[in-house]
Structure formats: structure tokens, C-alpha cells
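Participant: The sequence and its predicted three-dimensional model are supplied below.
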Amino acid sequence: MNGPSIEVRTLLRVALLATLAAGLAGPPPAAAQTMPVSTRFALERDGHGRLAERIAKRLELRADPDQGDVEDLLARWQREAGGPDGGWDWITVARLWLRAGDAVRADAALERAEAAGGVPASVLRLDRARAAFQAGDLAAAERAYWEGCDGADDAVALEYWLDVEPLATPVELEEWDRLRRLPAPQRDLRAFLRAFWTRRAVASALSLAERMALHYERMGHAMDLYRRRGGKKGPTFSNELGRPRNAILDDRGLLYVRMGPPDRVATFAGNPSISSDLVSAECYQPNESWAYDYPDGTRVFHFSAAGGTDDYWLVDNLGLVYRCGDPEAAASGTAAVARLTPINEFRSVPLGQAARLVLTDLYRSRQGLDPWYAVAAQRMAGSDVDFGLKTTGTAALESTKVLEEERDATHDDGRFAVATVPERPAVTPAARLIVEELQFRGAGAGITRVWMNALVEAANLEPETLPDGTYRYRLEARWALADPSGAFERYGSAFEARTPRRLGPDESLPVRLGVDLPVGRYRSTFVVREAAGGGTADDGVGGDEVGVRGPKGNYRVSDLTVRRFDLAVPELSDVAVAPDSGGTWSPGGDAADVTVGLRPSPVHVTGAGGAAFVYFETYGITPGAEYTTRIRLRPLEGDGPTYDLSFPGEAPPEPAPRLRRLLRVDLADARPGAYRMSVTVTDGATGESTLPYESEIRVRGVAGESAGG
């Protein structure tokens, strides 16, 4: 993690009503995340109301004090009221320093708060966690964070929740509402938050501590740039999607905290090329669009500032930022002034009718985010135009279709951002990644060896040039998994390949990562990316910048079901396929690891001569019995011939945990193309057969070309 920036103002802060203190007969409980009510009450009781108000102002959500501001405030506190005294006073001081971005002095204030006494341990631990996250001490931060959950009362539990509420999905909002209503002995805050953070750690392929630290850093950045300035927020597109109820950030801040910095940003300042003499630039509300790249495509989000403030909210059509009437009215001479402005705007007009005049340049300004917008602008321009002004007829209809398509896509993207966990690993998805999961019986009962077998496209990777003129590619793989209970694991490995030349199109680098897992269901994120200078690639914690996603590579998110292989009936493992018998691979699964002459490939393509090598394991065959392996291939398309291949074998006389087979499948006579391959094994002693294992295999032509589409 990079060192913390002074700009980081840290932490979500939600103020309790200051008026609570006025009617209390004694020191009240701690206020949630801002100025503890106990400290405020004591200052007001002793006649220092203005000082209390000043301190509270510095801890408000929209405050942005620096270190000098805090020093001046503490000097005033000492001068007017004798300075901080009790434990809650020092908690207040710690939070002032955190807001100013000084984690070291915040931690020192927390030491004094603990020494003074009177502050619950859970409050101290949560504030220690916040300071440690800001200072980059992740081990101490994570330890204090989870310890603070234990014994947390209602007020402290609320503080924990308010820190993470901007990340919450509608389902998690409901889960929190149910949790907070439980009696304290039945409320497991630690389990709730661990499941909350695990979902995000898996999706981002970070550890829990790294993901929490990233959140606090992003939150500080969003508080600096995207705090709300306006009044009460009315109904918006994001509310319809389940936006969390917090009112601290505008929608840009919400997406920044949930998704990080956008990959690309675009705005439009008006002055459309076709109608600059008819439509003022003021007819376009201030607007921004953010684009995020995912392996399955680009997500685009449109924001507009309405109501005269600089709060930006999601809109479900980019065209909605146009706020004036029909430009034809200005051109016809019926307008009092020749140019449409928000002040003299005429009756509204369906956007499809005026698309050519007021929307084409607007949409074209977003073509750098996604090529779809260039196509949309061209479609809206149309060809059926009356006097070069108003879009009519089929062109207007086509414009309406474009806007409907965009609204559907924008709603889908909005739901993805607001109603799900839209995490991404810190990787630029610049290289195609092909992955298969291969499973074999593990060394113990209920344990399965699972391999992530992958190829990553090499053309867009940047190798290191060595002194002898050769090239070295360095990659790392990361694999994060969580089971339904919230148990989280992350695995990693480094890979290196040397080549005499730079690899080009259609060339890939193999990556394999195998681990032993208990049988069950998992949420999984597998990442392959360039390693940094022989070490480990940056985790992406800290230093978020627009357009900077991390090292090149790609990732895959999936739901993984780990199979059980210890039944008493014949079973097949997964089947690994390779175009040749070169290389080495150790499938694993027992103490005496066996090496197989194979480089398994997830693309399942035969060699140029039509041969493929397949490796699999069979379990539960009668000792000493003869058995038969049958491999059947049928074309995926068309009515070509089906191929049946049979391979006899004999099990050893002593019981064995597995039978390993490496077979050469000769498909030289098969027509080039894609086939469905089915593998079964039959026990000759019992007549029982395994369930078939099916996968695709592609037979290459004589020239090495792959046929069949």
C-alpha cells in the first residue's frame, strides 16, 4: 500500500442531533462518529458553548480542516476551557486529527483517551482501526477493527455501519435493519461485517484488510471532492435502484467509493456544431459521464447537476441534460429572441424529434467512453431532415429507438453499480483470458485438488528486454475464494517465460494455479496480470487515479462448486487436454506427487496432426479388475461422423486411491472442426460405469488451422 496522503480526510462521519445534549441530566453516551455528545455537553454546561460549536463544526461532514486548523482549535480549547481532559475529550481530539489526515497524532490522542478512562473499549478499538488504516498499518487496523466489534453497544455498532453504508446493497441495507433490531446478546456484528467485507475482498482479489483500507482511502477522497452541497435530495434514478440512504455524497461520490476511479471521463459544454446559432450552451445542464471497463464490456454512467448546485446525480438518459425546448421555434421567427436559452425556452419537445439538432454532438462527445455513442450519434443524425433543422419521419423514429436502447443499457448499468457489489481487481483488462477449472481427488477425505488452468493473451503484455536480446514475461496469478459461511482464502503464484522474440497475435502464455479445497460452494475471482519488476504487482490499494487500473492482464469471476470424489462407486475426475505430450505437470492429490508429461490447455485443441493427449483419474474401480475407457466424439454442428475410441486397462491388485491415465487420442482422420467429447470408464468386474465427463475439443486442419467456427 502507498503511504497515506495528507489529502485523505478519512472516514464516514454522520452527525447526531446536537440538541440531544440540551435535555440530558448527565453525560450522555458517545455520539456516532463525530463530536462525542459527552464532550459537547460538558463544554456547554461550563459556559463554553461557542467553543463546543466550533469543535462540532470542524467535525461535521462537510468540514475539511487541515493540521493548522486543528492546532489552532486545540490552542483555543486550552486557553478558554483548560484543554482536553477526560477520555471522551481525547476521542474528540483523535477524530479532529483523523479529519486533518494526521494518523500519528490521532493515535497519540487515543493513547491519552485510554489512559484517562471512561471510554468503552470498543470505541477505542474502532478509532484505533481508523487511524491505523490511514497510517497504512493494516495488521494493526484489522486486529483493532474486529476486536472492536466484540461487545459493541448500539451506538458503536451504528458507527461501524455508518462507515460502510455507502457500499451497501439494498439487500445488505435490509440485513442491517434486521440485525440492529435484535437484542444485543443475539446480534453478531463481527459475523455481519466479516460477510460484508468478504464479498468485496473476493471480488477485488484483495485481502480483507487491503479492501477495508482501500475503502477508507476512497471515502476520504470522496469526502473531499463529492460531498453534497445542496439541500434535501429529491427522488432520483439512483433512489429507484436502491441507493443507500446516506446523504453524505452525491452519486459521483457513491460510485467512486463503490467502484473506484473511472477509466475514462467525458463532459459536454454545449455549442453543438449544427445549431450553435439556435441553442445556447446553457441549455445543457452541467454533466459528466464515467466509464468503467469490465471483461464483458464497458459500463457507462451519466451524471448531471440540477437545481443550481454542484451535486451530481445519475440520469438514465444522457439526452436528459438538454433542458430547453424545440430549436425549430427559434429558427421559425416566432421566438421573442432568436436563440433558445433556459430562460426563454419554449414548450418541451420529444427528444427524438429534436435529436439531430441538440443531441448528436452531445452523444458524439461520449464516443471515447464506448464506441456505441458514435454509432448512436450517427443514427440520430439521420437523413430525413426538414430544411436542415428538425429531425422528422424515420430519422425521428430511429432517434427514439436509440434513446430507448440507451435507457435500457443505463438502467442495467445503474442496477449493477447500486444494487450489486461492482468490485474489480486492480488490473487493466487488456489481454484475453481463457480459464478452465480442473478437479481431482485430494489427499484427504472431503478434500479436492482444484486447478485454475489458464491462457493469457500475450500480444498486449509488455515483456522485459534482456541483455542477450531475448524477452522475459513475468506474470502473477491471484485466486480469491469465499464459502457461504464467509471463510476467505487468497492464493498466489508467480510465473516467468523467456522467448527469443516478442509474442504476437494468437500467442498466449500458460498459467496454472492449484490448491486443495474442502468440498463445497465458493465465490471465486481469478486474476492474471503482469508482475512488477520481478516482485509482486501492486495491490491497487492507494493512489487511485482516473484511467489507472493497475498492471495489464485480466480476470474471471465465477461460482465454483468443488466436487466430492470419495464415493464408493466408479467416478471420473475432470479431463485435461493438451495438443502434445511435452512439458511437465503435477496434478497432485497425494503425498507422492506424480509428474505427467503434459501442458494442459483450456482451449482443448489438437496438435496439427490431429492428435490430442488427455489426462484423467478414475476412482472406485475394483482392485485387479479389467476396465475400459471409452472416448466418444460427435460434431457440434452438422451431420458429420461420430468417432468411438476404446482403451482397455487393468487395475492394480492392491486397493489404490486413484487410477491415472494419460492417453493419446488420434483424430487424424476426423474432419476439422469442433466436437463434443464424452469420456466414460466401465469397471469390468461390476459392470458399473462412471458418469460421462463431457467437454469440447477442436480438431485442427492439415495447415494447423482450426475449423468449425
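Facilitator: Sure thing, it's come through. These numbers come from a predicted model, not from an experiment.
Participant: middle-most residue in this protein, spatially?
Facilitator: Closest to where the C-alpha atoms of the chain average out (C-alpha atoms, centre = their mean) is residue 423, at 1.2 Å.
Participant: in terms of contact, does that residue touch residue 203 like I think?
Facilitator: Yes. Contact criterion C-beta atoms under 8 Å: residue 423 and residue 203 qualify, at 3.3 Å. (C-beta placed from N, C-alpha, C; glycine too.)
Participant: and residue 145, how far is that from residue 205?
Facilitator: 20 Å (C-beta to C-beta, to the nearest Å).
Participant: Settle it for me: which of these two has more neighbours?
Facilitator: Counting neighbours by other C-beta atoms under 10 Å for residue 145 and for residue 205 shows that residue 205 has the greater number, 28 against 24.
Participant: Who are the contact partners of the more buried one?
Facilitator: Contacts for residue 205 (C-beta atoms under 8 Å, 6 or more residues apart in numbering) come out as 425, 478, 479, 480, 490, 525, 527, 555.
Participant: which ones among the residues you listed are found in strands?
Facilitator: Among these, the ones falling in strands (DSSP state E) are 478, 479, 480, 490, 525, 527, 555.
Participant: Throw those residues into CSV and include distance to residue 164 and neighbour count, thanks.
Facilitator: Shown next, in CSV, are those (distance: C-beta to C-beta, whole Å; neighbours: other C-beta atoms under 10 Å):
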residue, distance to residue 164, neighbour count
478, 24, 24
479, 25, 22
480, 19, 27
490, 21, 17
525, 20, 23
527, 24, 25
555, 24, 23
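Participant: Pick out whichever of those sits closest to residue 290.
Facilitator: residue 555 (20.3 Å; C-beta to C-beta).
Participant: Surely the closest one and residue 425 touch.
Facilitator: Yes. Using C-beta under 8 Å, residue 555 makes contact with residue 425 at a distance of 5.0 Å.
Participant: which residues do these two both contact?
Facilitator: Common neighbours of residue 555 and residue 425 (C-beta under 8 Å, 6+ apart) are 205, 525, 527, 529.
Participant: And the pLDDT for the first one?
Facilitator: At residue 205 the predicted local confidence, pLDDT, stands at 95.
Participant: ok, now residue 345?
Facilitator: Per the predicted model, pLDDT is 74 at residue 345.
Participant: With residue 471 as the reference, measure out to it.
Facilitator: As judged by C-beta to C-beta, residue 345 and residue 471 stand 61 Å apart.
Participant: Could you do residue 613 as well?
Facilitator: Distance from residue 613 to residue 471, by C-beta to C-beta: 28 Å.
Participant: before we move on, what about residue 360?
Facilitator: From residue 360 to residue 471 the distance is 46 Å (C-beta to C-beta).
Participant: The lengthiest helix in the chain: which residues count as buried?
Facilitator: The helix spanning the most residues in the chain, taking DSSP state H as the definition, is helix 393-419. Neighbour-count burial for helix 393-419 flags 395-396, 398-400, 402-403, 406-407, 409-410, 413-414, 416-418 (criterion: 16 or more other C-beta atoms under 10 Å).
Participant: mean confidence for that helix?
Facilitator: 88.
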